[in-house]
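Chemist: could you look at this predicted model? Sequence included:
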Amino acid sequence: MRLLGDKLKQYRKQKNLSQQELAEGICTQATVSLMEKKNKVPSIKIILQICRRLNVSLEDILAGMGSGLDDQFGRISRAVRFGDYHGADRLLDQLDMASVQNAFDRERYHYYRGFVEIGARQRPDEAIFHFNLLLHRSYRMPWDLYAIVGNVGMAAAYLERKEYEKVHYYLREAMSYLDNYEWHEEEEFKRLVWARYRIAQLYLQLEQPQLVNENVEAALQVVKQQDSLYLIDVLYELKGQAEQALLATTAAKRSLAIAQTLAVVTHNVALQQRLGQTVGSLLPD
C-alpha cells in the first residue's frame, strides 16, 4: 500500500486548506507534511479522518489497496447481495486463505463469512465472532462502511438468537452511521443501499413497519438520485409489505404493482413469482 502524497496535496488545495487546517484535531501539521512530501503512511485511523475531511475515498490517495483476490471477492459480494448465501459459502471455501494477508482482504473475508454463517449455516454465534472482528477494527470510525454493515450483521445474528434488545441496539447503531455517511464510489453506493435494504428486512421481521418504510424511503431516494435500478424492485416489495402491515391497502397495492413491473425490467424471476399471487390477492373481487 503506497500513499500518493501529490494527490493528497492536490485535494487539500482544492479545498483551500492549509496543512495545519487539514491536520487540526486529527494529527500534527508535520504528519501531513510527511504524507505529502515523503509519501509517509500514518495510521489507518488518521488516513480515514483525513479522507473524510477532504471528502475523498481511500482509493483516491492510496495505491495498491486491492489484491489478486478482488475478482473472487467481487463474486462473493454479488452472491451475498442477492441472497445466494450457499453460493457465497462455496466461493469462500475456494479462497486460498494463505493469500488473505493484508488488512483490507481480512476485513472483506470476515464481513462475507459473517453473513454466510447466518444465511447458509444458521450459526449466529459464528457470525457474531466474525462481525466482532470487523467492528473491532472499525471502532471509532463510523464513516467506515464496514462499521455499518458489521452492525447490520450483528443485528441479524442476534435476531436469530431472539435477543431483541441487542437487535435494536445494533440496528440503531447502523442507522445512525448511515444517516451521516458520504459515499464516493459505485461499490460504496451499492453497499449503502444494501445495508438499508437489510435493515428494512430486519424491521419487517420485528413487526415495525414504520421503520421499514423509513429505511426503504432512504434507500429509494439514493437509488433514484443515481438513476439506478439497484435493488429497486425488492425495495418496493418491502415498501408494499410494510404498507400492508399498516393496513394501507391502496398504497400497498400500488407499491407491489410497481415492484412487479420493475421485476420484469430487472429480470428478477423469483420476485415476479412471489408477487404474482400477492398482487392478485389485493385486487377487489
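Modeler: Nice, thanks for sending it over. Since this is a predicted model, take the numbers as computed values, not measurements.

Chemist: quick check: Arg106 touching Val100?
Modeler: Yes - when contacts are counted by C-beta atoms under 8 Å, Arg106 is listed as touching Val100 (6.0 Å). For glycine as for every other residue, the C-beta is placed from the backbone atoms N, C-alpha and C.

Chemist: what sits against Asp89?
Modeler: Asp89 makes contact with Val116, Ala120, Arg121 under the criterion C-beta atoms under 8 Å, 6 or more residues apart in numbering.

Chemist: for the most centrally placed residue in the chain, which non-adjacent residue is spatially closest?
Modeler: Geometric centre of the chain, nearest residue: Arg191, 3.2 Å, by C-alpha atoms, centre = their mean. Nearest residue to Arg191, sequence neighbours excluded (C-beta to C-beta, 6 or more residues apart in numbering): Leu145, at 5.5 Å.

Chemist: give me the residue ranges of this protein where confidence is low.
Modeler: 1, 64-68, 137-144, 182, 184-185, 278-285 (pLDDT under 70).

Chemist: how is it carved up into domains?
Modeler: 2-63, 66-182, 199-285 (automatic domain parsing).

Chemist: pull up the distance across the first one, start to finish.
Modeler: For domain 2-63, the separation between the terminal residues is 5 Å (C-alpha to C-alpha, to the nearest Å).

Chemist: my reading is that Lys37 lies in a helix. Confirm?
Modeler: Yes - assessed with DSSP: H, G, I helix; E, B strand; the rest coil, Lys37 lies in a helix.

Chemist: can you offset everything so residue one is 29?
Modeler: Fine by me, first position is 29 from now on; the one you just mentioned is Lys65.

Chemist: next up, the contacts around it.
Modeler: Gly33.

Chemist: same check, this time on the one 5 residues further on
Modeler: Applying C-beta under 8 Å, 6+ apart, we find Pro70 in contact with Cys55, Thr59, Met63.

Chemist: that one: what secondary structure?
Modeler: Applying three-state DSSP: Pro70 is coil.

Chemist: how far away is it from Thr56?
Modeler: 10 Å (C-beta to C-beta, to the nearest Å).

Chemist: which parts of the stretch 29-178 of the chain are strands?
Modeler: Per DSSP state E, counting those that start in this stretch, the stretch 29-178 of the chain carries strands over the ranges 30-31, 90-91.

Chemist: distance to Asp261 for those - can I get that in TSV?
Modeler: Formatted as TSV, those follow (distance: least, C-beta to C-beta, whole Å):
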stretch	distance to Asp261
strand 30-31	41
strand 90-91	35
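
Chemist: quick one: the ones you listed as JSON lines, columns for mean neighbour count and distance to Leu232 too.
Modeler: Shown next, in JSON lines, are the strands of the stretch 29-178 of the chain (neighbours: other C-beta atoms under 10 Å; distance: least, C-beta to C-beta, whole Å):
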{"stretch": "strand 30-31", "mean neighbour count": "16", "distance to Leu232": "44"}
{"stretch": "strand 90-91", "mean neighbour count": "16", "distance to Leu232": "38"}
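
Chemist: quick revisit: name the member of the contacts of Asp117 with the most neighbours.
Modeler: With neighbours taken as other C-beta atoms under 10 Å, the top of these is Val144, carrying 26 neighbours.
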